[in-house]
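> Output the structure for:
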Amino acid sequence: MTPLPTADPAFESTLPTAWAVEIKSLLEPGEKVLAWLEPDLDSNLFFAAGILFLTPSRLVSRESMAHDWAVFPLTTTQLLQHRDHAGVGTIELFDGAQRLSVWRHTLGMAPAVGRLVELFTQLQQKLADPLHTQQSTAASCPTCGTPFALDQDECAVCDTEQAGPSDTWALLRLARFARPYKIPLIVGFILTLLSTAATLVPPYLTMPLMDDILIPFQNGKPINYDLVALYLTGLVVAGLLAWLLGWARTYLLAWVSERIGADLRTATFSHLQTLSLQYFGGKRTGDLMARIGSETDRINIFLSLHLLDFANDVLMIVMTACILISIDPWLALTTLIPLPVIIWMIHLVRHRLRFGFEKVDRSWSELTNVLADTIPGIRVVKAFAQEHREVARFREANDRYLAVNDRINKVWALFAPSVTFLTEIGLLVVWIFGISQVASSTITVGVLAAFLAYIGRFYTRLDSMSRIVSHTQQAAAGAKRIFDILDHVSSVPDAQRPVPLERVEGRIELSNVGFRYGSRTVLRNVNLSIGAGEMIGLVGHSGSGKSSLVNMICRFYDVTEGGIKVDGVDIRAYSLASFRRNIGLVLQEPFLFFGTIAENIAYGKPEATRSEIVAAARAARAHEFILRLPQGYDSLVGERGQALSGGERQRISIARALLIDPRILILDEATSSVDTTTEMEIQEALDNLIQGRTTIAIAHRLSTLRKADRLVVLDRGEIVEIGNHDDLLARGGAYHDLYQAQSRLTGVDGVVIPSPLETSASKVVADAKPASLPVATPDHRQGAADV
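Residues are numbered from 1 along each chain as shown. All right, here's what the predicted structure looks like:
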């Protein structure tokens with residue numbers, strides 16, 4: 001949805017090209033479009049191009065170019081509702097009990113639909129009580145016309161940005177990582193103070209060298225070599241002290257900053273491990289890698305180099321200013337003439353750089369995301385010969401990164417020389433005023449020489465301090481992105497006072513369980529009791545809620561309604577670590593880490609002995625193929641286990657689950673991606689795995705669930721049938737339809753042979769129920785929901 005007033009000059013280009021002219025012709029004089037969207041499914045759930053837009057007085061729609069416009073004037077009795085299921089969203093307009101119209105869309109449009117419904121509701125309230133609305137509002141949004149409350153500054157409909165702490169505050173928050181290093185930091189500050197003082201000694205000694213030695217010598221007086229030796233010794237000692245103190249200061253503070261950076265990386269990664277799968281589902285891998293990697297490295301460089309220089313510059317400026325004032329207050333005052341202008345420029349550039357570096361960070365994350373997508377998926381890229389396409393994606397992201405940096409460089413290229421120019425102007429003013437002072441015998445030549453030496457250091461440090469603005473804003477933008485992670489609270493919080501969990505029996509009870517993922521309802525009113533040691537099979541179409549249900553049991557997500565109990569205790573009362581240690585998980589696509597086979601089997605139990613690892617591999621029917629590998633259990637599996645076949649990876653995954661000896665076992669399509677022979681071998685391993693354990697198995701190949709004590713049939717997030725294989729077949733319900741569908745696909749009556757595609761069964765069932773499921777048609781239009 002893009003809210004847009006008709007008066008906007010970008011009206012024609014912002015609305016879809018196919019609809020812009022017609023929409024404009026439909027509008028009354030002074031009428032404006034508040035919001036619009038394109039419902040992308042027709043009444044048969046085929047992809048289509050429609051339009052729906054809202055004005056202050058009516059709702060107008062057209063299902064496609066082949067249909068007529070439908071106009072619904074707004075009344076106080078109307079109701080606009082939005083719901084979704086199995087990948088299909090539905091918008092319904094009611095007037096009392098009568099449904100006026102319905103529009104359908106894919107879930108990618110859900111946020112836009114939500115905003116349109118919210119705006120429609122606000123207009124309804126305005127129609128119902130216009131007087132109250134007029135009195136309680138001070139203004140309206142210039143974009144969408146939404147009324148503002150008296151204390152409201154931003155439009156609730158148009159403004160989607162979330163407020164957060166400023167970049168500078170994020171940088172200051174790094175102080176908590178410096179607390180463990182207070183003593184080294186104090187010592188470093190003292191060393192900085194002493195080294196800065198030592199560097200200020202040589203210019204001060206130029207005054208007696210010139211006034212007491214050189215100028216008298218030009219006037220015919222002999223040189224006092226003892227005095228010269230004293231002054232030169234002071235210069236040498238001051239230089240050596242400045243070098244020694246500077247070295248100690250630099251090393252110590254760099255040592256501290258490296259540890260602060262390491263602690264920051266560790267804290268960020270540790271906090272990431274505590275976040276739920278919901279957080280990772282909304283993030284890109286490359287973005288998270290960039291934050292933990294490049295952002296923390298940038299902060300580390302700032303702390304070890306630029307912050308040290310900044311502190312040194314501040315001390316140098318302050319101490320130099322004090323010395324200049326003590327030498328000659330009026331001459332010192334002239335040195336400050338460029339300072340207000342430089343401070344104003346720093347303030348001006350700081351804001352431009354702050355937003356610029358935020359864009360740089362986002363552009364770099366986009367670049368990293370391309371790498372994170374392409375490198376793991378290189379086999380798919382090559383299989384479809386899409387190398388040129390990925391190179392083009394990378395080039396586009398790289399060009400955006402380059403363009404953002406160019407804009408920053410334009411600002412900085414003007415700022416840095418301007419500061420240098422102002423300092424040169426200040427030095428010229430000092431020369432002019434100093435010469436006049438010497439000419440009037442107010443100061444000596446030695447004083448002027450010392451003053452000029454100090455002025456050089458003063459302006460050099462001032463120029464250096466102004467240049468550090470760039471590095472400060474870079475680090476501040478990085479710190480803000482880091483704290484975006486650290487401040488995020490997990491949607492699956494750990495119990496504050498967990499119930500001790502010593503031994504799990506395996507009794508599971510689900511009571512009125514409901515779950516929503518964003519705006520999508522996934523599960524509703526699920527009630528199920530599973531006995532200890534019982535094997536339950538979950539069956540149903542894709543999108544029926546099977547995987548979501550086991551995710552609830554594993555507590556990867558928390559239920560939004562109802563509760564889940566294990567051994568009579570709500571699982572939210574257990575600590576996450578102790579609870580999940582009692583759950584074994586075998587996934588459809590097993591994930592193996594880079595390392596040896598032994599390390600992958602022992603992932604859940606790192607302290608396992610080699611004999612325990614071998615025993616688990618034997619039970620998983622993996623021992624034989626492992627011994628055939630060149631290094632046996634010490635063979636590397638490659639990146640994500642690419643050195644092994646799919647069946648071998650699956651058996652390693654089963655061995656990994658066996659080793660931790662879980663009381664609750666989750667099998668999520670454990671045999672769906674292997675051939676029949678491999679499936680039989682894996683099934684033997686699974687038979688060993690499920691003995692004596694509460695087992696919940698998901699499978700589309702119904703033959704793999706014949707040994708289940710009970711089968712639970714899910715449809716649209718609800719349990720529709722429960723029973724064993726024979727009972728469910730005799731009922732002739734949803735399970736019977738699934739079973740017969742697989743039998744027809746394989747051409748075998750009574751024996752289900754694994755079907756080549758999971759979705760094939762869905763399509764056959766869809767043929768039997770055309771009213772509720774999308775069906776592929778001869779014109780090759782694709783249905784919207786995989787059910």
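> I'd like the distance between the residue nearest to the spatial centre of the chain and residue 433.
Centroid check for the chain by C-alpha atoms, centre = their mean gives residue 283 as the closest residue, at 4.0 Å. For residue 283, the distance to residue 433 equals 60 Å [C-beta to C-beta, to the nearest Å]. Heads up, the C-betas are built off the backbone N, CA and C, glycines and all.
> so residue 406 sits in a helix?
Yes - judged by DSSP: H, G, I helix; E, B strand; the rest coil, residue 406 forms part of a helix.
> Can you read off the pLDDT for it?
Residue 406 carries a pLDDT value of 82.
> Averaging pLDDT per element, find the lowest-scoring helix or strand in the chain.
helix 758-768 (a mean of 36; mean pLDDT, DSSP states H and E).
> part of a strand, is residue 104?
Yes - under three-state DSSP, residue 104 falls within a strand.
> Identify the bridge partners of the residue nearest to it when sequence neighbours are not counted.
Closest residue in space to residue 104, ignoring its immediate chain neighbours: residue 41 at 4.0 Å, by C-beta to C-beta, 6 or more residues apart in numbering. Beta-bridge partners of residue 41, counted by DSSP bridges, are residue 47, residue 104.
> gap between residue 41 and residue 281?
Per C-beta to C-beta, residue 41 is found 24 Å from residue 281.
> number of nearby residues for residue 406?
9 (other C-beta atoms under 10 Å).
> whoops, residue 326 was the one
So residue 326, with other C-beta under 10 Å, has 9 neighbours.
> Repeat that for the one 3 residues further on.
For residue 329, the tally of surrounding residues (other C-beta under 10 Å) stands at 9.
> Please tell me how far it sits from residue 187.
The value you get for residue 329 to residue 187, if C-beta to C-beta is used, is 35 Å.
> and if you look at residue 683?
On the measure of C-beta to C-beta, residue 683 and residue 187 end up 66 Å apart.
> three-state assignment of the residue lying farthest from the centre of the chain?
The outermost residue of the chain relative to its centre, with distances by C-alpha atoms, centre = their mean, is residue 220 at 77.5 Å. State at residue 220, reduced to three classes by three-state DSSP: coil.
> Next, give phi and psi for it.
phi 100, psi 0 (degrees, to the nearest 10).
> In contact with it: list those residues for me.
Neighbouring residues of residue 220 by C-beta atoms under 8 Å, 6 or more residues apart in numbering: there are none.
> Likewise for residue 304?
253-254, 257-258, 261.
> repeat that with 10 Å
Contacts here follow C-beta atoms under 10 Å, 6 or more residues apart in numbering; on that basis residue 304 touches 250, 253-258, 260-261.
> buried residues in the helix or strand harbouring residue 313?
For residue 313, the host element (DSSP states H and E) is helix 307-327. Within helix 307-327, the residues scored as buried using 16 or more other C-beta atoms under 10 Å are 307-313, 315-317, 319-321, 323-324, 327.
> for stretch 683-693, same thing?
Quick answer for stretch 683-693 (16+ other C-beta under 10 Å): 685-686, 689-690, 693.
> and it, how far from the chain's centre?
39 Å (C-alpha atoms, centre = their mean, to the nearest Å).
> What of stretch 529-537?
On C-alpha atoms, centre = their mean, the centre of stretch 529-537 falls 38 Å from that of its chain.
> Likewise for stretch 580-597?
Per C-alpha atoms, centre = their mean, the centroid offset for stretch 580-597 relative to its chain is 24 Å.
> can I get the CA coordinates of it in CSV?
Output of stretch 580-597 as CSV, limited to C-alpha atoms (Å, rounded to 0.1, in the frame of the first residue of the first chain):
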residue,chain,number,x,y,z
ARG,A,580,16.1,-28.9,25.2
ARG,A,581,18.8,-31.3,26.4
ASN,A,582,16.0,-33.9,26.7
ILE,A,583,14.8,-33.4,23.1
GLY,A,584,16.4,-35.1,20.1
LEU,A,585,15.7,-33.6,16.7
VAL,A,586,16.1,-35.2,13.3
LEU,A,587,15.3,-32.8,10.5
GLN,A,588,14.5,-33.4,6.9
GLU,A,589,17.6,-31.5,5.8
PRO,A,590,20.3,-32.4,8.5
PHE,A,591,22.8,-29.7,9.1
LEU,A,592,26.4,-30.7,9.7
PHE,A,593,29.1,-28.3,10.9
PHE,A,594,32.5,-28.1,9.3
GLY,A,595,34.7,-30.6,11.2
THR,A,596,35.1,-34.4,11.6
ILE,A,597,32.4,-37.0,11.7
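> Give the other helices and strands that the helix or strand where residue 656 lies contacts.
Assigned by DSSP H and E, residue 656 belongs to helix 646-659. On a contact count with 3 or more C-beta pairs under 10 Å, 6 or more residues apart in numbering; DSSP states H and E, helix 646-659 meets strand 583-586, helix 597-601, helix 610-619, helix 623-627, strand 664-668, helix 676-690.
> now the ones you listed as CSV including mean pLDDT and distance to residue 508?
Shown next, in CSV, are these (pLDDT from 0 to 100; distance: least, C-beta to C-beta, whole Å):
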stretch, mean pLDDT, distance to residue 508
strand 583-586, 83, 11
helix 597-601, 88, 27
helix 610-619, 87, 24
helix 623-627, 86, 32
strand 664-668, 85, 7
helix 676-690, 70, 15
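> for those, which one sits closest to residue 346?
helix 597-601 (53.0 Å; C-beta to C-beta).
> before we move on, the earlier item: quick check, nearest of the buried residues of helix 307-327 to residue 270?
Ranked by distance to residue 270 (C-beta to C-beta), the buried residues of helix 307-327 are led by residue 307 at 24.6 Å.
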